[in-house]
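In: Provided below are the primary sequence and the corresponding predicted coordinates.
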Amino acid sequence: MDFSGFHEVDFPKKHRIVYVIGIGDKDKSRPFYVGQSSKHFWCRMCDYLSAQEKASTDFKVGEAIKYLQEKGQSVKVWYRESTDPRKDEKEIRDRLASELPPASLLTPRAVRATTGTASPEKVREEIRLFIDNHFLPDLKPEPRG
C-alpha cells in the first residue's frame, strides 16, 4: 500500500513517558510545554485534543495547540519513554529553561494558579494573548504541502 499522506510514529513500548510540545522541527524548535505521564502516549495526547475545562493543564495546553494551529503553525510532540518521568521532566525543563517562554502560562505552577479562579473564556483569552506576544510576532505560517 502507498502510505503517502500518512504520518509515521514509532509505537511506544511502555506507558511512562516524558515529552515536549512545541512548534518547528527537531533541528529548530520552539518548545512551549514540557510534561510527563504515566498514561499511554495516545491517551495523554487525546487529553489535549479534548481540552476539557475541568482539567486545567489539558485545557490550557489544548487551547494553545488549537490556537497555534489556527495561526498556521505545525505543532509537534517529541517524546521518549522514561523510567522516572517526573525526574526527567524536571531535567528537560531545566535544560530548556532558556528556550521556554518567559512566565509561561503553560507551566504547572501557572496552570494550578488559575484552577477554579477564572472562566474558560478568560483563560482562553490569556493563552491567546500569551502566544501572540511570545510566539507569533516573529513567526510566519508554515507552508502547507
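Out: Structure received.
In: and for Lys66, the neighbour number?
Out: 17 (other Cβ atoms under 10 Å). Backbone N, C-alpha and C define where each C-beta goes, glycine included.
In: mind listing what's buried in the helix or strand Val20 falls within?
Out: Per DSSP states H and E, Val20 falls inside strand 17-24. Of all the residues in strand 17-24, those buried under the rule 16 or more other Cβ atoms under 10 Å are Ile17, Val18, Tyr19, Val20, Ile21, Gly22, Ile23.
In: where does the prediction get shaky in the chain?
Out: Within the chain, the stretches with pLDDT under 70 are 25-26, 100-117, 137-145.
In: can you give me the helices in it?
Out: For the chain, the helices defined by DSSP state H cover 41-50, 56-70, 85-95, 108-114, 120-134.
In: that older thread, okay if I get the buried residues of strand 17-24 as JSON lines plus distance to Ser82?
Out: JSON lines is the format used below for the buried residues of strand 17-24 (distance: Cβ to Cβ, whole Å):
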{"residue": "Ile17", "distance to Ser82": "6"}
{"residue": "Val18", "distance to Ser82": "5"}
{"residue": "Tyr19", "distance to Ser82": "9"}
{"residue": "Val20", "distance to Ser82": "12"}
{"residue": "Ile21", "distance to Ser82": "16"}
{"residue": "Gly22", "distance to Ser82": "18"}
{"residue": "Ile23", "distance to Ser82": "23"}
